[in-house]
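> Here is the input, now give the coordinates:
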Amino acid sequence: MNKIKHKIVFLALIGLLPTLLFAQDIDDDQTNDVDLLENTNTSNFELGNGLNLNMNEGDYSFKISGMLRPSYGYEGFDRDTSANNYLYVGAARINLEGKAVKEKVSFFIEADFVNSFTLYEAFVAFHINEKMKLSVGQKLTFTNDRAYSINESQLSMVNRSPLSNSFTTDGREFGIFYESSFQIGNVILNPLVAITSGDGMNSFGDNSIDVDKGGLKYGGRLEILPLGAFSGKEGHRHVVDFYREEKLKLAINGSFSYNVGASEKTGDGHGDFQLFDENGKEKFPNYGKFYIDLLLKYKGISFSADFVNSFAYSKKDIYSSPQAVIRFTGEEVSSKYVLGTAFNAQADYLFSNQWGINIRYTTLMPEYENYDQSILQKEDWYTLGVGKYFKGDALKIQAMGSFIDGKDSTNPTDLSTVTNDRYEVHVVAQIIF
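Numbers count the residues shown, from 1 in each chain. A predicted model of the protein is given here:
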């Protein structure tokens, strides 16, 4: 009865959230690509598309933009624990990007001033032709789920799903990235391949002592659009149906990554812990992830679903100390790496007045369900969201609330059951300038 009562209170709270928000129009999706201006020496500014400078009769273009996301968060618990209320800046970013048309080269730099690693992205891209591009540097990789293949500014809810946040740390890596697109009849295929350091952002460390760990990380993604192209440049990735597709559109995607010698829980960082082989030398298991996701859009309705499975593998025994006394078991590996599966499903609807509503369900399933030290714990998330778009993603206000059905545990002293259920509410205002 206690869970039911709290769920009713939670749903009532979500019902009041729209009173926080307001009205107006939409614009094109935001992307990291440079939109070339007409072939004249011009400059212009547009909310959501930054300050654009076009020079040398269109041969060179330069763009300055940024994003702010002031936010509010609330966390409550079923157990006897005080609730948390907090205000924070979710993002404060500056972007610089440019393109040299004749040289077929572009660059992109993104800095976030609320993150301990200020430099988010910095890469140079060579545009082989209109359908193929090769990038080198640090950027948001496409080898994770759909939500981590787009920028945070393009999310249809305040935050990425628990699936995304559990199996990915930040999604940005240093390496080589190949992107391409081919069309066979009405079917569009987008093969994407990446070879990265496997050590996450700023992977070479803060100084010369903080070096990379393990080997390289190999990954790829195949996007299939069997019903033709979506409207908008990011339409096959962006969940919100801003263009209200007149015909049903579908995107089916599969991605994978395999990190040789991962030293961070999701294979997206490095140096979080030390492990050794029988000779006392540093040795880490290989860590892999497989994703499958899909996206449907039709007349303002969107449906998306994601599935992920992760694993860790080593040919040799792994030990927790250089003395090679205590060998790691399979269960103990789950205390260092996120091991298990997860499923996420989400439905969205965008009204013609640019109000949007969302509902999302996520379940997390650890490989060792009864192992309390496992990083991934069994949870079911139920989330409702609402948002008002004033100019697409450029100016919007969003709110969402989640009920988390956590794994119950038994107190060994009095054998009483302790519930790990909790509640979260998040509100964010976003402006891209």
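
> low-confidence ranges in this structure?
Flagging of the chain using pLDDT under 70 yields the residue ranges 1-40, 79-81, 203-210, 408-419.

> Do a quick rundown of the helices in this protein.
2-16, 162-167, 330-333 (DSSP state H).

> So what's the gap between the shortest one and the chain middle?
When distances are taken as C-alpha atoms, centre = their mean, to the nearest Å, helix 330-333 is centred 26 Å away from the chain's centroid.

> and that helix, which residues are buried?
The neighbour-count check on helix 330-333 (16 or more other C-beta atoms under 10 Å) flags 332-333 as buried. To be clear about C-beta, it is placed using only N, CA and C from the backbone, and glycine gets the same treatment.

> Pull the contacting residues for the residue nearest to Ala92 when sequence neighbours are not counted.
Closest residue to Ala92 apart from its sequence neighbours, by C-beta to C-beta, 6 or more residues apart in numbering: Phe113 at 4.7 Å. Each residue near Phe113 by C-beta atoms under 8 Å, 6 or more residues apart in numbering is listed here: 92-94.

> Output those residues as a markdown table; include the columns neighbour count and distance to Phe177.
A markdown table is the format used below for the contacts of Phe113 (neighbours: other C-beta atoms under 10 Å; distance: C-beta to C-beta, whole Å):
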| residue | neighbour count | distance to Phe177 |
| --- | --- | --- |
| Ala92 | 15 | 26 |
| Arg93 | 22 | 20 |
| Ile94 | 16 | 22 |
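
> any idea which residue sits dead centre in this structure?
Centroid check for the chain by C-alpha atoms, centre = their mean gives Tyr148 as the closest residue, at 2.7 Å.

> returning to that earlier point: state the distance from the residue nearest to Ala92 to Ala429.
Counting by C-beta to C-beta, to the nearest Å, the gap from Phe113 to Ala429 is 17 Å.

> try Phe142
From Phe142 to Ala429 the distance is 28 Å (C-beta to C-beta).

> Looking at those two, which is more packed in?
Per other C-beta atoms under 10 Å, whichever of Phe142 and Ala429 has more neighbours is Phe142, with 25 against 18.

> Please report the distance of that one from Lys133.
Phe142 is 12 Å from Lys133, by C-beta to C-beta.

> Quickly list what's touching both of these two.
Common neighbours of Phe142 and Lys133 (C-beta under 8 Å, 6+ apart) are Glu179.

> Could you give the number of residues near Ser352?
7.

> can you list contacts of stretch 131-140?
So stretch 131-140 is contacted by 32, 108, 119-128, 148-151, 171-182, 201-203 (C-beta under 8 Å, 6+ apart).

> How about it, which residues are buried there?
133, 135, 137-140.

> in stretch 264-283, what's buried?
Those would be 264-270, 275-277, 283, for stretch 264-283 by 16+ other C-beta under 10 Å.

> Run a quick neighbour tally on the nearest residue to His127 once chain neighbours are set aside.
Closest residue to His127 apart from its sequence neighbours, by C-beta to C-beta, 6+ apart: Lys104 at 4.4 Å. By the other C-beta under 10 Å criterion, the neighbourhood of Lys104 contains 13 residues.

> oh, and call the first residue 9 from now on, that's how I've got it
All right, first residue 9 from here; so that's Lys112.

> Now do the same contact list for Lys112.
Counting by C-beta under 8 Å, 6+ apart, Lys112 has contacts 134-136.

> Now tabulate the residues you listed in JSON lines and tack on neighbour count and distance to Lys107.
Shown next, in JSON lines, are the contacts of Lys112 (neighbours: other C-beta under 10 Å; distance: C-beta to C-beta, whole Å):
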{"residue": "Phe134", "neighbour count": "13", "distance to Lys107": "11"}
{"residue": "His135", "neighbour count": "18", "distance to Lys107": "8"}
{"residue": "Ile136", "neighbour count": "13", "distance to Lys107": "14"}
